[in-house]
Structures are given as structure tokens and as C-alpha cells.
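Trainee: any chance you can model this:
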Amino acid sequence: MNTMEAPTYTPTGLELGLLGIGGLLGLVALVLGIVVAVKMLKNGQTVVAVISMILMFCTGIGHFIALIFGWMKSREWNIKGLMTAYTVSLLLSIGFLGAGYAIMLPKLIRSAQQQMQQLEREANGAGTVDVEMGDGSP
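Mentor: Residues are numbered from 1 along each chain as shown. Presented below is the predicted three-dimensional model:
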């Protein structure tokens, strides 16, 4: 049986670099988000802190709750520097991850489509040719 392998996609250094930087910035944003939630706890905002922390880990929406509430209280709690770092790290993370995936996903989809086409050709017999002789030998 003679089958030809469809090409598989391998991410480039640029894509991996963008995704790596975005991931690291995302970790920084997560840590800073937890620090903001701890500030909320210390200032008696237990419900908002717990909701934002749970949603940070479950859906990511907790970051936006922490950002909005943190900026609203930034002067009162003296956390403007923390909020600036948190906002910048979160936005840069989203930007780097978005750029990496925007470059990578079309190539990945194209590769998956080529693999599906190859599988369809093989299933329909177009990818292989088996010839049998009348005496039973191939």
C-alpha cells in the first residue's frame, strides 16, 4: 500500500515567540490580578475579591472585574502603580497572544484541511493502487 503523508504544520519561531511572550505576560497579569484581589480583601471587599479570583481562573472575566474595581479604588487604596502594571501586562498579553494566533491559525487550518483531503483520497482509493495478478501474487 503506497500512501503519501499530508504535510503537518510546525509553528515558526516568530509564532512561538509571540505566544511565549504573551503567555509570560499573562502569568504576570494573573499574579498582579491576585495582588489586586488581596488588596480588595484587605479593604473589606470580600465578595468582589472572591468573585474576581474565581472568575480569573474559570473564565478570565475576573480580570476585568478586578481591573474596573481596582481602578475605581486606585486612589483610595494607593495602588495606581499596581493598576498600571496590571493593565499594561494584561493588554500586552492579549496583544501578543492575538498576534501569535492570528499568524498561526490560518496555517494550522490549511494543514488540517490538507490532511483531511489526504484521508478522503485514501478512503476513496485514489491514494493507493493495489494490483493483483490472477495467480494471487501482487
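Trainee: center of this structure, which residue is that?
Mentor: Leu97 (6.4 Å; CA atoms, centre = their mean).
Trainee: check which helix or strand that residue maps to.
Mentor: If you go by DSSP states H and E, Leu97 is part of helix 80-123.
Trainee: circling back to that earlier point, settle this for me: the residue nearest to the centre of the chain is touching Gly26, isn't it.
Mentor: Yes: Leu97 lies in contact with Gly26 (CB atoms under 8 Å); the separation is 7.0 Å. Yep, even glycine has a C-beta here, placed from its N, CA and C like the rest.
Trainee: got a list of what the residue nearest to the centre of the chain touches?
Mentor: Taking CB atoms under 8 Å, 6 or more residues apart in numbering, we find Leu97 in contact with Leu18, Leu19, Gly22, Gly23, Gly26.
Trainee: what subset of these is buried?
Mentor: For the contacts of Leu97, a neighbour count by 16 or more other CB atoms under 10 Å gives the buried set as Leu18, Leu19, Gly22, Gly26.
Trainee: tabulate the contacts of Leu97 (a markdown table), appending secondary structure, pLDDT and distance to Ile65.
Mentor: A markdown table is the format used below for those (DSSP: H, G, I helix; E, B strand; the rest coil; pLDDT from 0 to 100; distance: CB to CB, whole Å):
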| residue | secondary structure | pLDDT | distance to Ile65 |
| --- | --- | --- | --- |
| Leu18 | helix | 96 | 27 |
| Leu19 | helix | 95 | 26 |
| Gly22 | helix | 97 | 21 |
| Gly23 | helix | 96 | 22 |
| Gly26 | helix | 96 | 17 |
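Trainee: reformat the residues you listed as CSV; add distance to Leu67.
Mentor: CSV is the format used below for the contacts of Leu97 (distance: CB to CB, whole Å):
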residue, distance to Leu67
Leu18, 23
Leu19, 23
Gly22, 18
Gly23, 19
Gly26, 14
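Trainee: from those, which two are the most distant?
Mentor: Using CB to CB, the pair of the contacts of Leu97 lying farthest apart is Leu18 and Gly26, separated by 12.3 Å.
Trainee: buried sites along stretch 31-41?
Mentor: Within stretch 31-41, the residues that qualify as buried by neighbour count (16+ other CB under 10 Å) are Leu32, Gly33, Ile34, Val35, Val36, Ala37, Lys39, Met40.
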